[in-house]
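**Student:** pasting the sequence and the predicted model now:
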Amino acid sequence: MTENFTIVDHPLVQHKLTLMRRKDTPTAVFRQLLREISTLLAYEVMRDLSLTEREIETPLATMKAPVLAGKKLCLVSILRAGNGLLEGMLDLVPSARVGHIGLYRDPETLRPVEYYFKVPHGIEGRMVIAVDPMLATGNSSAAAIDRLKKAGANQIRLVCLLAAPEGVANFQEVHPDVPIFTASLDSHLNERGYIVPGLGDAGDRMYGTK
């Protein structure tokens, strides 16, 4: 993999991911674990955010203290499963602006079909973090990034829970400039385009729809 691909191997991330992979993990527990992991992933993806200084008063003295620089972050959920990662990241950065991209995967072609797109104004001046639990074929994520770039975004990062080698290769072929952060690079895709060993369909497991 390239320098634009990061596996977040923190022990808590890996432990929680194992619990999520288990097929007997209940929906409510799965959803909570995804929210917790997303907060931990957020620490890594936001590690190098720019800082500036602001003068404040503590109870004892006046000092110059570090604060985030520039415009507020923009978190973009690739619907519907992206909302699970979005919520945990908003716990960490509640002032972030939020966008949504609605895509579904055509079961025959495995190609993405867009049905919704709404992002904040001024996205070209913000760090944009797109979130989607599964980077499988990479088609949906690549299509989402295409739309963000067309909307003016020029500082984009992708966060996913799991990735397949095929999906990473496909995504990086069209968006080599966009860093990927994930908790695991799994073995491969099966004939249905699912990540193996994976954890099944993240959206279905989050919402109990299957």
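**Tutor:** Everything's here; your move. Keep in mind it's a predicted model, so treat the numbers as computed, not measured.

**Student:** show me the strands in the protein, by range?
**Tutor:** For the chain, the strands defined by DSSP state E cover 5-7, 51-57, 62-68, 74-79, 97-105, 112-118, 128-131, 134-135, 156-163, 180-185, 188-189, 195-196.

**Student:** out of the ones you listed, which is closest to Gln14?
**Tutor:** Taking CB to CB, strand 180-185 is the member of the strands of the chain nearest to Gln14, at 7.1 Å. Where you see a C-beta, it was placed from the backbone N, CA and C, and this is true even at glycine.

**Student:** and the closest one, what does it pack onto?
**Tutor:** Helices and strands touching strand 180-185, by 3 or more CB pairs under 8 Å, 6 or more residues apart in numbering; DSSP states H and E, are strand 5-7, helix 11-21, helix 27-45, strand 156-163, helix 165-174.

**Student:** go with 10 Å
**Tutor:** Counting contacts by 3 or more CB pairs under 10 Å, 6 or more residues apart in numbering; DSSP states H and E, strand 180-185 is packed against strand 5-7, helix 11-21, helix 27-45, strand 134-135, strand 156-163, helix 165-174.

**Student:** out of the ones you listed, nearest to Leu68?
**Tutor:** Closest among those, once you apply CB to CB, is helix 27-45, at 13.3 Å.

**Student:** in the closest one, what's buried?
**Tutor:** 30-42, 44-45 (16 or more other CB atoms under 10 Å).

**Student:** that one - contacts with which helices or strands?
**Tutor:** Secondary elements touching helix 27-45 (3+ CB pairs under 10 Å, 6+ apart): strand 5-7, helix 11-21, helix 82-92, strand 128-131, strand 156-163, strand 180-185, helix 202-207.

**Student:** list the contacts of the residue of the chain most remote from its centre.
**Tutor:** Distance from the C-alpha centroid of the chain peaks at Leu60, with 40.3 Å (CA atoms, centre = their mean). Listed by CB atoms under 10 Å, 6 or more residues apart in numbering, the contact set of Leu60 is empty.

**Student:** next, it: phi, psi?
**Tutor:** In terms of degrees, to the nearest 10, the main-chain angles of Leu60 are phi -110, psi -30.

**Student:** how near is it to Cys160?
**Tutor:** 44 Å (CB to CB, to the nearest Å).

**Student:** same question, Ser77
**Tutor:** 12 Å.

**Student:** do you know how far Asn190 is from Thr137?
**Tutor:** In terms of CB to CB, Asn190 sits 11 Å off from Thr137.

**Student:** mutual contacts of those two, please.
**Tutor:** Counting by CB under 10 Å, 6+ apart, the residues touching both Asn190 and Thr137 are Ala164.

**Student:** okay, the two: which has more neighbours?
**Tutor:** Thr137 (21 against 12; other CB atoms under 10 Å).

**Student:** related to what we said a few turns ago, what's the least confident stretch among the helices and strands packed on helix 27-45?
**Tutor:** Of all these, mean pLDDT reaches its minimum on helix 202-207 (a mean of 86).

**Student:** that helix: which residues count as buried?
**Tutor:** Within helix 202-207, the residues scored as buried using 16+ other CB under 10 Å are Ala202, Gly203, Arg205, Met206, Tyr207.

**Student:** helices or strands next to that helix in the packing?
**Tutor:** helix 27-45, helix 82-92, strand 156-163.

**Student:** export those to TSV and tack on distance to Pro179?
**Tutor:** Output for the helices and strands packed on helix 202-207, formatted as TSV (distance: least, CB to CB, whole Å):
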stretch	distance to Pro179
helix 27-45	8
helix 82-92	16
strand 156-163	5
